[in-house]
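K.L.:
Okay, structure incoming, though there's no sequence with it:
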C-alpha cells in the first residue's frame, strides 16, 4: 500500500471516532497531504491558471443628445440598443453605456464628460453632440472648442474617440450650414480621431425625408434607427478592441 493510501486509511479510521482526540489524530496527516499537494503544483500551472482570468470587456461610452437618447421612441428601439444587438450578432463582447441627454449641447456634454470618464473608464467614447448648438444659434467657435476639449479629454483618459458629424437644414443659410458641418471633420483631423461625416445620411437627405421623422420633423422615427446605426457602425467597429 502506498503512503498516500495509508494516510487516507488513517483519515477514515479517525473520522469514524468523532471527538477532540480523533480530530487531533487526523488533522496533522491531512494537513500534510494538503501541503504536499500545494508544493507539488508546478509553478507553470499556477501561472497558466492566472492567465485564464478574463479581462474586463471594452466599454463604449456614448455622449449624445436626443438623437441617441431614444426621444419619442419605444425603449429599446433606438440606434444605441440596436448597437448592442449588433455587437452580440458579431460575437463581440463590449459594455455600452448610453449617457445621452435630450436637449444637451456641446457645453453640457463637456461639463458632464469628466465625471463620466472617471466613473466608466471607457475604452471608446462616441461624441454625438452639436445639433442643439446649431438649433439654438450658438456661436460655432464655441461648439468647435467644446468638441475639441471633449475629444482631448477622452484621449487623455486612454479612450479612442469617434466623432459623429451633423448638418443643418438649408434654411439656416449656406454659409452657416457649411461652417457647422465642417466643424466635425476639422476637429477629427486635428485630433486624429475617427469620424462619421453625417449621422443622418440616408435619413435627412432623402427626397421624401419627412417620412423618416417623427411628427416634430426633428427626431428620426423608429424605422430610421437602423440606418443611423449603419452610418455609425463601420467606423465604430474599427476602434473597438
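P.N.:
It's in. Small disclaimer: the values here were computed from a predicted structure and weren't measured.

K.L.:
does the residue nearest to residue 153 when sequence neighbours are not counted sit in a helix, a strand or a coil?
P.N.:
Nearest non-adjacent residue to residue 153, counting by C-beta to C-beta, 6 or more residues apart in numbering: residue 113, 5.7 Å away. In this view, the C-beta of every residue, glycine as well, is placed from N, C-alpha and C. Counting by DSSP: H, G, I helix; E, B strand; the rest coil, the backbone at residue 113 sits in helix.

K.L.:
and what of residue 207?
P.N.:
The local conformation at residue 207, judged by three-state DSSP, is coil.

K.L.:
Enumerate every residue touching residue 95.
P.N.:
Residue 95 sits next to 57-60 when contact means C-beta atoms under 8 Å, 6 or more residues apart in numbering.

K.L.:
check which helix or strand covers the residue nearest to the spatial centre of the chain.
P.N.:
Most central in the chain under C-alpha atoms, centre = their mean is residue 60, positioned 1.4 Å from the mean C-alpha point. Assessed by DSSP states H and E, residue 60 sits inside strand 59-64.

K.L.:
got the contact list for that strand?
P.N.:
For strand 59-64, contacts defined as C-beta under 8 Å, 6+ apart pick out 68, 80, 83, 94-101, 104, 109, 112-113, 116-117, 120-129, 150, 159, 164, 236, 240.

K.L.:
helices or strands up against the helix or strand following it?
P.N.:
Using DSSP H and E, the helix or strand that follows strand 59-64 towards the C-terminus is helix 79-89. If contacts are counted by 3 or more C-beta pairs under 8 Å, 6 or more residues apart in numbering; DSSP states H and E, helix 79-89 sits against strand 95-98, helix 225-239.

K.L.:
Just put these in CSV and tack on distance to residue 207 and mean pLDDT.
P.N.:
Converted to CSV, the helices and strands packed on helix 79-89 look like this (distance: least, C-beta to C-beta, whole Å; pLDDT from 0 to 100):
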stretch, distance to residue 207, mean pLDDT
strand 95-98, 31, 98
helix 225-239, 15, 98
